[in-house]
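Engineer: model this:
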Amino acid sequence: MRALLQRVSQASVLVAGREVGAIGRGFLLLLGVAEADTEADLDYLAKKIPALRVFPDPDGKMNLSLTDIRGALLVVSQFTLIADTRKGNRPSFFAAARPEKASQLYEAFVQRMREVGLEVATGIFAADMQVSLVNDGPVTILLDSKD
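Structural biologist: Numbers count the residues shown, from 1 in each chain. Reported below is the predicted structural model:
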C-alpha cells in the first residue's frame with residue numbers, strides 16, 4: 001500500500017459538484033492499494049500514520065503527531081499511486097488491486113483510523129473526484145508498506 005500524506009490546514013473532496021468530505025487541520029491521505037497488498041500492509045500504515053511526527057510543536061519543530069494535535073484525516077482512494085512508469089510514457093496500472101480488493105482494504109483502513117479515535121472524512125471509492133487542499137508547510141510524505 002502506498003499513502004501520500006499532505007499536511008493540510010484544510011482539505012475537501014467534491015463528487016459531481018457536491019462536497020462529500022472535508023477536514024480542517026490534519027492530513028490529506030491519498031491511498032493506493034496494490035494487488036499484492038495484505039492486512040499486514042494495512043497494519044503497517046495504520047500504525048505509522050497517526051504517530052508520524054510532522055506537525056510543529058510550540059518551538060516550531062516537527063515533533064507532534066496527528067494524534068497529538070487531534071488532527072483529522074481526509075482519505076481518498078487513488079489507484080494511480082501504484083503506477084509503473086519504468087517503460088514508455090504511458091503508466092501501467094497492472095499492479096493495482098482489483099476494485100473489490102482495493103475497496104475492502106480502503107474501507108478497513110478508514111475503519112481502523114476511526115477506531116484509534118481520529119476524525120476521518122473520505123471521498124467516494126472509484127468516483128471521479130475533485131480534491132482541494134491548502135498544503136501546510138508544504139509537507140508531503142510518501143509511505144510505502146513494502147519499504
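Engineer: Distance from the chain centre to stretch 136-147, please.
Structural biologist: Relative to the chain's own centre, stretch 136-147 is displaced by 9 Å; criterion: Cα atoms, centre = their mean, to the nearest Å.
Engineer: Phe93 contacts Ala83, doesn't it?
Structural biologist: Yes - under the criterion of Cβ atoms under 8 Å, Phe93 makes contact with Ala83 at 6.0 Å. In this view, the C-beta of every residue, glycine as well, is placed from N, C-alpha and C.
Engineer: Direction included, what does the longest strand along the chain pair against?
Structural biologist: Counting by DSSP state E, the longest strand found in the chain is strand 129-144. Taking DSSP bridges as the criterion, strand 129-144 sits next to strand 2-15 (antiparallel) in its sheet.
Engineer: can you give me the strands in this protein?
Structural biologist: 2-15, 18-23, 26-32, 55-56, 62-64, 72-77, 119-122, 129-144.
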